[in-house]
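Chemist: need coordinates for the following:
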Amino acid sequence: MAVPKSKVSKARGNKRFASNYKVAVPTLVECPQCHEKKQAHRVCAKCGYYDGKQVIDMTVAENND
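Modeler: Coordinates of the predicted model:
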């Protein structure tokens, strides 16, 4: 029967599971319209294009600011 030789401290045990909670950096890709960096599968914040189509009219968005 497998029995631990000694107690594992809380700090040592918690270190073992800490690697599961690391935050991943989002992947950035180049927008094909304006060539700015943007997140993949998101509307470009600079030009308002997604998948080759204009989704957000940026001229109206700039006037509201």
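Chemist: ok, residue 20 to residue 4 distance?
Modeler: According to Cβ to Cβ, to the nearest Å, residue 20 stands 22 Å off from residue 4. Bear in mind the C-beta positions are built from the backbone N, C-alpha and C, glycine included.
Chemist: ok, residue 64 next?
Modeler: 63 Å.
Chemist: which residues in the chain form strands?
Modeler: Taking DSSP state E as the test, the strands found in the chain are 28-30, 37-39, 49-50, 53-54.
Chemist: with mean neighbour count as extra columns, can I get those in JSON lines?
Modeler: Output for these, formatted as JSON lines (neighbours: other Cβ atoms under 10 Å):
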{"stretch": "strand 28-30", "mean neighbour count": "11"}
{"stretch": "strand 37-39", "mean neighbour count": "14"}
{"stretch": "strand 49-50", "mean neighbour count": "17"}
{"stretch": "strand 53-54", "mean neighbour count": "10"}
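Chemist: okay if I get the ones you listed as CSV plus mean pLDDT?
Modeler: As requested, the strands of the chain are exported to CSV (pLDDT from 0 to 100):
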stretch, mean pLDDT
strand 28-30, 96
strand 37-39, 96
strand 49-50, 94
strand 53-54, 93
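Chemist: same list (those) but as a markdown table, adding distance to residue 13.
Modeler: Formatted as a markdown table, the strands of the chain follow (distance: least, Cβ to Cβ, whole Å):
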| stretch | distance to residue 13 |
| --- | --- |
| strand 28-30 | 36 |
| strand 37-39 | 36 |
| strand 49-50 | 45 |
| strand 53-54 | 51 |
